[in-house]
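1. Build me a model:
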Amino acid sequence: MKTLPLLLATLWAPALALAAPAAKPDSAPAKRPNILLIVADDLGYTDLGSFGAEISTPNLDALARTGVRMTSFYAAPFCSPTRAMLMSGSDNHLVGFGDMAELITAEQKGKPGYEGYLNDRVVPMAQILKDGGYRTLMAGKWHLGVPEQFSPATRGFEQSYAMVMGGASHWGDQSGIVALDPDKPPKAVYRENGKAIDIPRDGFYSSVAFTDKLLEYMKNGEDTGKPFFAYLAFTAPHWPLHAPDEDIAKYEGRYKEGYDRLRKERLERMKKLGLVPADTPVYEGHPHWPRWDSLTPEQKASEARRMTVYAAMIDNMDRQIGRVLDYIKQKGELDNTFVFFMSDNGADGNSVYDVGRTREWIHKDMDNSTANIGKRGSFIEYGPGWAQVGSTPFKLYKSFMYEGGISVPAIAWGPGIGGGTIKREFAHVMDVAPTIYQIAGVNHPGTQYQGREVLPLRGKSMLPYLQGKAPGVRGKNDVVGWELGGRKALRKGDWKIVYANTPWGEGSWELYNITKDRTESRNLATAQPAKLKELLADWKQYVAETGTLEIDNLANRPGYSNGGKYYDDLSIEVKMQPREVR
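-> You can find the predicted model right below:
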């Protein structure tokens, strides 16, 4: 019997043109396509085999080989703003996530677009598809509002099983990730169809549980005759790093050579796959962080174990995706299903230890000894060393507007989409919703919905581009901007400006020709003052259109993305002895 990756490779055929002319009155109506939207959490650009990784991801690789790999697909540098744009097709500053809800400042609080939940100016994707006759199903991370009134159940999902916060333990202890009081362990909030639930304490692993629930929902609606919109939003491989023992064992010993060796291996694979030019340089990492050779043997052992668990999480996630594709195939629906996969931002090299009193809680309650990494009772982060490998060949990682923070792996697969191609033109997470609407044959309502004023789409359909009927998604003069936490960027054609505070950036606007210098190694702000001036004028227009608040010194706020103590904490944790965890 053929494996699922082989089935995918042989099944794909451009048999159904999704944008074909309407059928004649005397012909049978075209069957409406199903839609499967999959989002990984904090997955780095090179963390899939089809994007250069050594990690086993056969199901996603099969989609990539027989579908479209998008090498210039962009998200926000943080998870909830990306998800807000994904569900709305508009800019995060307009739809409620001008900043992370957890990080809203006094100056931002109460301002339009900074509500910290998907606001009422949005008609969410699931609602539009539900109105259009789709079954709307969701399992996984929501992060678009914690209270019941902002849950997936109120945003168009008929069935939903959601971890509604930014992150959680992957085991069944329902532990959260940010502690304000070290004596009161944080608890993650899960909701099913809007109502708070407790997850099973035993037999729960996030990637498996979310997949189980989505498959349950899909099976329960089989007799309706309706096409499905299924949203599978993994929390893997977001920290804390947890994986089953059998998955960890598969990668034991693989990462003992460290960051530099793995970075070079991945870049060479990327070149052979045709993902990057042959002359792409190796990014050696930000000078703020130590090199592998400077670590102690104990630190190296802990770091190698962390990457081992991280790889195991991705391996497991890929198998769960295979289960969903297997089910769709068994029902005879795979050749009538559009699949889109993406990560929500770049790999994460920041530290939640610096938020609230999380460091005290972790060091007091958790067993982060090297032997316990990945197991119950551990709370381990990915760290800046491995994150910069995951972003290869780009600069930095999640929370920054450099390519390493906002350029993410994306795969599109389905009928009418050119198989086995690599698409290199710019596309954005805002473009997913209008693409899905075109595939589904539904329309966004524009500026009015059920008697209230709503936001129009800012994204554009990628479908003609994916089908090879258009050279790109946007014109050379189209502008897309980013801002979060005072860090900023703007893309226009071949050019990009980016701002990052020191020591991470130069503390002033930088200018790059991004098509010639994707690694952002040659700042042209001084050499090209006219181009810088042009893009800064575009930036002012973007700020005016989106209501973006520019707050002095915001980029320097202490905590998560400005912390520099990862290796200090590592030095403490490598000395930990295994212990009984509360």
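2. can you give me phi and psi for the residue nearest the centre of the chain?
-> Geometric centre of the chain, nearest residue: D344, 1.4 Å, by C-alpha atoms, centre = their mean. Dihedral pair for D344: phi -90, psi -20, per degrees, to the nearest 10.
3. Would you check how far apart it and Y74 are?
-> Applying C-beta to C-beta, to the nearest Å, the value for D344 to Y74 is 11 Å. Quick note: C-beta positions are derived from backbone N, CA and C, even for glycine.
4. between the two, what contacts are shared?
-> Common neighbours of D344 and Y74, using C-beta atoms under 8 Å, 6 or more residues apart in numbering, are V408.
5. ok, now which ones touch M85?
-> Here M85 is in contact with 75-76, 91-92, 95, 428-430, 459 (C-beta under 8 Å, 6+ apart).
6. can you tell me which of these lies nearest to S399?
-> Closest approach to S399 among the contacts of M85 (C-beta to C-beta): A76, at 10.0 Å.
7. correct me, but that closest one touches V429?
-> Yes: A76 lies in contact with V429 (C-beta atoms under 8 Å); the separation is 7.1 Å.
8. Can you pull the residues that touch both of these two?
-> 82, 85.
9. Helix, strand, or coil at the nearest residue to A209 once chain neighbours are set aside?
-> Sequence neighbours aside, I199 is the residue nearest to A209 in space, at 7.1 Å (criterion: C-beta to C-beta, 6 or more residues apart in numbering). Three-state assignment for I199 (DSSP: H, G, I helix; E, B strand; the rest coil): coil.
10. just the strands in the stretch 201-350 of the chain please.
-> With DSSP state E, counting those that start in this stretch, the ranges of strands along the stretch 201-350 of the chain come out as 228-233, 337-343.
11. Compile those into JSON lines and extend it with columns for mean neighbour count.
-> As requested, the strands of the stretch 201-350 of the chain are arranged in JSON lines below (neighbours: other C-beta atoms under 10 Å):
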{"stretch": "strand 228-233", "mean neighbour count": "24"}
{"stretch": "strand 337-343", "mean neighbour count": "24"}
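12. now the ones you listed in JSON lines, with mean pLDDT?
-> Formatted as JSON lines, the strands of the stretch 201-350 of the chain follow (pLDDT from 0 to 100):
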{"stretch": "strand 228-233", "mean pLDDT": "98"}
{"stretch": "strand 337-343", "mean pLDDT": "98"}
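13. Just send these back as CSV, with distance to P384 too.
-> Converted to CSV, the strands of the stretch 201-350 of the chain look like this (distance: least, C-beta to C-beta, whole Å):
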stretch, distance to P384
strand 228-233, 25
strand 337-343, 18
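14. surely the residue nearest to A209 meets D212?
-> No: I199 lies out of contact with D212 (C-beta under 8 Å); the separation is 11.6 Å.
15. higher neighbour count, those two?
-> I199 (19 against 16; other C-beta atoms under 10 Å).
16. V408 and N220: what is the separation?
-> As for V408, its distance to N220 is 32 Å (criterion: C-beta to C-beta).
17. Which of these two has more residues huddled nearby?
-> Per other C-beta under 10 Å, whichever of V408 and N220 has more neighbours is V408, with 28 against 12.
18. In contact with the nearest residue to that one once chain neighbours are set aside, which residues?
-> Among residues not flanking V408 along the chain, S343 sits closest, at 4.1 Å (C-beta to C-beta, 6+ apart). Residues near S343 by C-beta under 8 Å, 6+ apart: 39-45, 47, 75, 408-410.
19. Let's see that with 7 Å instead.
-> Shown in contact with S343 (C-beta atoms under 7 Å, 6 or more residues apart in numbering): 40, 43, 408-409.
20. residue boundaries of the helices in the stretch 451-582 of the chain?
-> With DSSP state H, counting those that start in this stretch as the criterion, the stretch 451-582 of the chain has helices at 463-466, 529-546, 566-573.
21. Verify the stated contact: the residue nearest to the centre of the chain with C79.
-> Yes: here D344 lies in contact with C79, judged by C-beta atoms under 7 Å, at a distance of 4.6 Å.
22. overlap in contacts of those two?
-> D41.
23. Quick check: phi and psi at the nearest residue to P503 once chain neighbours are set aside.
-> Counting by C-beta to C-beta, 6+ apart, P503 lies nearest to H288, which is 5.3 Å off, once chain neighbours are set aside. H288 adopts backbone torsions of phi -70, psi -30, taken as degrees, to the nearest 10.
24. Could you count how many residues lie near H288?
-> 11.
25. What distance do you get for it to R323?
-> Plainly put, H288 is 41 Å away from R323 if you go by C-beta to C-beta.
26. try S56
-> Counting by C-beta to C-beta, the gap from S56 to R323 is 15 Å.
27. what's the answer for S88, then?
-> Distance from S88 to R323, by C-beta to C-beta: 29 Å.
28. neighbour-wise, which of the two wins?
-> More neighbours surround S88 than the other of S88 and R323, with 31 against 16 (other C-beta under 10 Å).
29. ok, now which ones touch that one?
-> By C-beta under 7 Å, 6+ apart, the contact set of S88 is 95, 118, 122, 124, 433.
30. my guess is the fourth one meets L86, correct?
-> No: at 9.8 Å, P124 does not count as touching L86 under the criterion of C-beta under 7 Å.
31. These two: who's more crowded?
-> For P124 versus L86, neighbours defined as other C-beta under 10 Å are more numerous around L86 (28 against 23).
32. my guess is that one meets P434, correct?
-> No: using C-beta under 7 Å, L86 makes no contact with P434, being 11.5 Å away.
33. Can you report how many residues lie near G356?
-> The number of residues packed near G356 is 17, by other C-beta under 10 Å.
34. meant to ask about E265, not that
-> Using other C-beta under 10 Å, the number of residues around E265 comes to 17.
35. mind checking how far it is from A106?
-> 46 Å.
36. Same question for R557.
-> 11 Å.
37. Those two: who's more crowded?
-> R557 (15 against 7).
38. residues in contact with the more buried one?
-> Going by C-beta under 7 Å, 6+ apart, the list of residues near R557 reads G485.
39. just S302 next, same as before
-> S302 touches 370, 373, 570, 573-574, counting by C-beta under 7 Å, 6+ apart.
40. What about the residues you listed, which one has the most neighbours?
-> Highest neighbour count within the contacts of S302, by other C-beta under 10 Å: I373, with 25 neighbours.
41. For that residue, list the residues it contacts.
-> 241, 302, 305-306, 309, 380.
42. swap the cut-off to 6 Å and go again
-> Neighbouring residues of I373 by C-beta atoms under 6 Å, 6 or more residues apart in numbering: 305, 309, 380.
43. Mean pLDDT per helix and strand in this structure: which one sits at the bottom?
-> Lowest mean confidence among the helices and strands of the chain (mean pLDDT, DSSP states H and E): helix 4-11, at a mean of 52.
44. Average pLDDT for the lengthiest helix in the chain, rounded please.
-> Using DSSP state H to define each element, the chain has its longest helix at helix 297-330. Summarised as a single mean, pLDDT over helix 297-330 is 98.
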